[in-house]
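In: here is my input, please return the structure:
(2 chains)
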Amino acid sequence: MSEENLPALNNEEIARYSRHLILPEVGMEGQQRLKAASVLCIGAGGLGSPLALYLAAAGVGRIGIVDFDVVDVSNLQRQVLHGTSGVGTSKLNSARARLSDLNPHVQVDTYEEALNSDNALGIFADYDVIVDGTDNFPTRYLVNDACVLLDKPNVYGSIFRFEGQASVFNYRGGPCYRCLYEEPPPPGLIPSCAEGGVLGILPGIIGVIQATETVKIILGKGTSLSGRLMLYDALEMDFQQLKLRKNPECVICSDRATQTELIDYVQFCGAPSTEASEPQRFEEISVQDIARRREQGWQPFILDVRKQAEADIVTLGADTLIPHEEVGERLAEIPRDREILVHCKMGGRSAKAAQVLGRAGYEGVFNMTGGITAWATEIDTKLPTY
Amino acid sequence: MTVEIRIPTALRSYTGSAARVSVGGETVEDALAELVDSFSELGRHLRDEQGKLRSFVNIYLNDEDIRTKQGEATALGDGDVLMIVPSIAGGNEAEAGSRS
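Out: You can find the predicted model right below:
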């Protein structure tokens, strides 16, 4: 947008943005650029919270948010856009209320839907910058591909436990997410965050890096993270910069691109690996069936395959605790002459452990469907959930 | 050559929680082989059934992606740092399509 077409600031806005206006790198023109700009935030969670708050505070004229979740009390440890009074309500309502209070000069547009290949291009088309604050691989690849196809910058951030990654993709001819990672991991090979937890402050750091890069793109100032991958380790308090180059063979952003439209990303990310196609070597059992059989005197060996930190929160009085990835190496601790009931939090890790036992020749291996969460919800409601 | 390999959080459960492991070797391939010798469970997270490095695991020698050098044949120098950088999706919820 040329300088003469930029929207004017009124006196209230001039007072509000005065610390920007006296910065030569922002100034009146920069602040007007922010007012003229539109940014789409994918997700109003851990990354989207600090991102949307700072973009609104900075005076970005129009902020779009895509999310379809409801605020859960376990979100509040890191999703600072929401508050206790919003628990149980739509994240978008909570976000709109908070952002409008923070800065009434910002227009907040919300999209209460799951982003998919049918709606992504239509939603993205109306924005200058797209910021990826999502929490799953299918959406990450979708956001990347849609940004490449529409030629929009994709400000990337991702977190895991104490570590974060940030970059800017598809900006001024720079590399895209697929140049960094051609393909997602097959489900289950890399532990998910729900297994691993996340330090509440971590998305604050990464989300604010994303907000910083977004503002720099709008202002056209500084050196962007395009072509660099920033790694952050909170425990070590260490930032590492890695070089990121365009992949000359990239399927979507190179001159030899073979993909010219959006695909089915759930299928792309969820194709079962060869490991997963092996026959199941254990039985699933519901918490109701377990309760019924225990009343009749069933006493299986109970194996908890969660982490010790989870057992410190709540336990079913297991005979032993062996984290699921160690089960294969610690078979000596698991009896072969009893039936085995394996459980974790939700039933996923215990299914992997039960399969390891079945493969090792154990018979009578049962996986507690839904894990201790199902037990606490349906059988013993005095137990806490986490 | 002695080099340090930095293990990302996501894979530390396979290295007995070690974040940094010192190994020897003339090339990236040697260094990774010594790492997997010490921590066998790590192997299938780094390589597919054909023994190829998995496409969602990137290896950096100092700050350069080995794919932009000579891949696993890239020669190592004393004191070099190898970083294993897997793709992470989070967010905070389970990956789509998986349970935990």
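
In: report the buried residues of stretch A:357-367.
Out: Neighbour-count burial for stretch A:357-367 flags A:Leu357, A:Gly358, A:Tyr362, A:Gly364, A:Val365, A:Phe366, A:Asn367 (criterion: 16 or more other CB atoms under 10 Å in any protein chain shown). C-betas here are computed from N, CA, C, even on glycine.

In: can you give me how far it is from the chain middle?
Out: How far stretch A:357-367 lies from its chain's middle: 33 Å, per CA atoms, centre = their mean, to the nearest Å.

In: of the buried residues of stretch A:357-367, closest to chain B?
Out: Proximity of the buried residues of stretch A:357-367 to chain B, judged by CB to the nearest CB, is greatest for A:Asn367, which lies at 10.7 Å.

In: is the strand or helix carrying that closest one positioned near chain B?
Out: Under the criterion of DSSP states H and E, A:Asn367 resides in strand A:365-368. No - figure legend: strand A:365-368 not in contact with chain B (CB under 8 Å from any CB of the partner chain); closest approach 10.7 Å.

In: average pLDDT across the helix or strand following that strand?
Out: Next helix or strand after strand A:365-368 toward the C-terminus (DSSP H and E): helix A:371-378. What helix A:371-378 shows for mean pLDDT is 95.

In: show me what helix A:371-378 is in contact with.
Out: A:286-288, A:290, A:306, A:314-316, A:343-348, A:350, A:368, A:370, A:383-385 (CB atoms under 8 Å, 6 or more residues apart in numbering or on different chains).

In: can you check stretch A:139-152 too?
Out: Against stretch A:139-152 from outside (CB under 8 Å, 6+ apart): A:42, A:115-117, A:120-121, A:124-125, A:127-130, A:132, A:134, A:153-154, A:156, A:158, A:169-170, A:176-178, A:184, A:252-253, A:259-263, A:265, A:268-269, B:89, B:96.

In: and with 6 Å instead?
Out: Applying CB atoms under 6 Å, 6 or more residues apart in numbering or on different chains, the external contacts of stretch A:139-152 come out as A:42, A:115, A:120-121, A:124, A:130, A:132, A:134, A:154, A:170, A:176-177, A:252-253, A:262, A:265.

In: of these, closest to B:Gly43?
Out: Distance to B:Gly43 across the contacts of stretch A:139-152 (CB to CB) is lowest for A:Tyr177, with 26.4 Å.

In: tell me who's in contact with that closest one.
Out: A:Tyr177 sits in contact with A:Asn144, A:Phe169, where contact means CB under 6 Å, 6+ apart.

In: most centrally placed residue in chain B?
Out: The geometric centre of chain B, computed from its C-alpha atoms, lies nearest to B:Ile84 (CA atoms, centre = their mean), at 3.5 Å.

In: what packs against the strand or helix carrying that one?
Out: For B:Ile84, the host element (DSSP H and E) is strand B:81-86. Here strand B:81-86 touches strand B:2-6, strand B:57-61, going by 3 or more CB pairs under 6 Å, 6 or more residues apart in numbering or on different chains; DSSP states H and E.

In: residue 65 bridge partners, please.
Out: No chain in the question, so chain A it is. Note on A:Ile65: beta-bridge partners by DSSP bridges are A:Cys41, A:Thr110.

In: was after chain B, sorry
Out: Beta-bridge partners, per DSSP bridges, of B:Asp65: B:Tyr60.

In: can I get the helices and strands packed on strand B:81-86 in CSV with mean neighbour count and mean pLDDT?
Out: Output for the helices and strands packed on strand B:81-86, formatted as CSV (neighbours: other CB atoms under 10 Å in any protein chain shown; pLDDT from 0 to 100):
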stretch, mean neighbour count, mean pLDDT
strand B:2-6, 18, 95
strand B:57-61, 21, 96
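
In: of all these, which one comes closest to A:Asn10?
Out: Each of those has some distance to A:Asn10 by CB to CB; the shortest is strand B:57-61, at 48.6 Å.

In: got the angle between that closest one and strand B:2-6?
Out: Strand B:57-61 and strand B:2-6 are oriented at 140 degrees to each other (axes from the mean of the first three to the mean of the last three CA atoms, to 10 degrees).

In: quick one: contacts of strand B:57-61?
Out: The contact list for strand B:57-61 (CB under 6 Å, 6+ apart) reads A:Leu242, B:Leu46, B:Asp65, B:Ile66, B:Thr74, B:Leu82, B:Met83, B:Val85, B:Pro86.

In: got it, and stretch A:311-323?
Out: A:Phe301, A:Ile302, A:Asp304, A:Lys307, A:Arg330, A:Glu333, A:Leu383, A:Pro384, A:Tyr386.

In: most neighbours, which of these?
Out: Counting neighbours by other CB atoms under 10 Å in any protein chain shown, A:Asp304 leads the contacts of stretch A:311-323 with 28 neighbours.

In: doesn't B:His55 lie inside a strand?
Out: You called it His, but residue B:55 is Ser. No - checked against DSSP: H, G, I helix; E, B strand; the rest coil, B:Ser55 lies outside a strand; its state is coil.
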